[in-house]
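Asks: model the following, please.
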Amino acid sequence: MKAIGFKLRGLVTLLVLTVGLVSWSSDIDSKDVVKEESVTILNIDKGFTAAIKMDFEIEYTAKSGREVAIELREDGKWIGGKVMQVEKGTNKGVISIKFQKAPKAGSNHEIRINIRPKGTTWKEALNGNSYKNVVLH
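Replies: Residues are numbered from 1 along each chain as shown. The predicted structure is shown next:
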């Protein structure tokens with residue numbers, strides 16, 4: 001009987017420690033990390049001229065060296081993109097996409113932009129934006 005009581009006390013102690021650790025670690029909100037890293041397109045409201053090379057003015061905040069990736073979609077299909085290395089801090093810059101031929105004019109475009117660790121893909125993006133119904137003149 002004493003052995004069962006000892007094992008039961010050990011299990012209760014383990015449970016209390018586990019709950020305490022889970023409660024302690026839950027104070028860290030992963031959304032706060034995402035908010036610290038961001039990227040946005042500054043000239044999105046102006047619309048864009050459909051051309052072989054299109055420039056996008058961006059502003060980003062990065063906790064360390066990162067990549068900013070941008071892509072343009074037409075009728076839901078990927079037509080071009082670019083990845084640019086950025087430094088730690090809050091900065092502005094221009095990222096350009098070069099196409100084999102100019103995209104079609106119209107409002108059926110979507111621009112996706114994200115910030116991510118260097119050498120990763122969109123799957124590991126820390127934060128980003130998707131702009132739908134973007135007008136190309």
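
Asks: the longest strand in the chain is where?
Replies: In the chain, assigned by DSSP state E, the strand with the most residues is strand 106-117.

Asks: in its sheet, what does that strand sit against?
Replies: strand 66-74 (antiparallel), strand 127-136 (antiparallel) (DSSP bridges).

Asks: looking at those strands, which is buried most?
Replies: Comparing the strands paired with strand 106-117 by mean neighbour count (mean count of other CB atoms under 10 Å), strand 66-74 ranks first with a mean of 21. C-betas here are computed from N, CA, C, even on glycine.

Asks: quick check: angle from the helix or strand just after that strand to strand 66-74?
Replies: Next along the chain after strand 66-74, taking DSSP states H and E as the criterion, comes strand 77-86. With axes from the mean of the first three to the mean of the last three CA atoms, to 10 degrees as the basis, strand 77-86 and strand 66-74 are set at 160 degrees to each other.

Asks: neighbouring strands - and their directions - for the helix or strand that strand 77-86 is followed by?
Replies: Remark: after strand 77-86, the chain's next helix or strand is strand 89-98, criterion DSSP H and E. With DSSP bridges as the test, strand 89-98 is paired with strand 53-62 (antiparallel).

Asks: quick one: contacts of the longest strand of the chain?
Replies: Residues from elsewhere that reach strand 106-117 (CB atoms under 8 Å, 6 or more residues apart in numbering): 37-41, 44, 56, 58, 60, 62, 66-76, 86, 103, 122, 124-136.

Asks: what's the answer for stretch 75-83, then?
Replies: Outside stretch 75-83, the residues touching it (CB under 8 Å, 6+ apart) are 67-73, 95-99, 103, 108, 110.
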